[in-house]
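K.L.:
Need coordinates for the below:
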Amino acid sequence: MNDFDALLALVLEQARALGIPVSPAIEPRVEVNRRAVSRFGCCVRRGRRYAIQLSACLLEAEETACRQTLAHEVLHTCPGCQNHGALWKEYARRMNAAWGYAITRTGTCLELGVPEQRPVRHLVECTACGAQFRRARASSLVVHPERYRCKCGGSLRRVF
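P.N.:
A predicted model of the protein is given here:
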């Protein structure tokens with residue numbers, strides 16, 4: 001089990017060493033969210049303070065995955081970085097280059113080395129390359145796959 005609080009302190013030190021203006025108002029204790037299944041972390045603003053939450057699925061994950069997720073969320077506390085805009089991406093690029101992270105706008109279970117938690121109730125597949133799109137909900141992609149194309153340009157079909 002990872003010590004999220006110690007990892008948060010380390011990530012804050014790394015960001016500050018690069019001159020990244022993370023907020024001084026981040027709660028030092030990381031909250032564990034046991035309900036989150038579609039995200040790994042969250043930065044919540046409460047008044048003038050920020051709380052960082054991590055999904056319980058990261059409790060047994062590799063330390064690198066936890067630090068990377070914490071770094072992603074910490075960057076959201078920087079002025080002008082509440083989204084994944086150009087400034088947030090620049091700070092993520094700097095963290096990646098300096099500390100070997102692979103911070104991106106979104107991450108996958110496979111990338112972070114954690115088991116998939118979301119139930120797969122619907123599967124859409126590309127008829128050309130075989131790429132699969134797993135969904136827990138009956139989204140527009142699931143209901144009308146004919147309206148979409150795969151990155152390769154192939155048409156999509158619902159498998160189940």
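
K.L.:
what's near enough to touch the closest residue to residue 49 other than its chain neighbours?
P.N.:
Distance criterion Cβ to Cβ, 6 or more residues apart in numbering; nearest residue to residue 49, sequence neighbours excluded, is residue 25 at 4.7 Å. Placement of C-beta: from N, CA and C, glycine included. Taking Cβ atoms under 8 Å, 6 or more residues apart in numbering, we find residue 25 in contact with 48-50, 77.

K.L.:
Kindly indicate which of those residues lies nearest residue 4.
P.N.:
residue 50 (14.7 Å; Cβ to Cβ).

K.L.:
phi, psi of the closest one?
P.N.:
Here is the backbone geometry of residue 50 (degrees, to the nearest 10): phi -120, psi 140.

K.L.:
Pull up the per-residue confidence for it.
P.N.:
pLDDT for residue 50: 98.

K.L.:
Count the neighbours of it for me.
P.N.:
Around residue 50 there are 19 other residues, counting by other Cβ atoms under 10 Å.

K.L.:
which residues does it bridge with?
P.N.:
residue 26, residue 45 (DSSP bridges).

K.L.:
thinking again about what came up before, how about the residue nearest to residue 49, phi and psi?
P.N.:
Main-chain dihedrals, residue 25, degrees, to the nearest 10: phi -100, psi 40.

K.L.:
Likewise for residue 31?
P.N.:
Phi and psi for residue 31, reported as degrees, to the nearest 10, are phi -90, psi 140.

K.L.:
dump the residue contacts of it.
P.N.:
Per Cβ under 8 Å, 6+ apart, neighbours of residue 31: 51-54.
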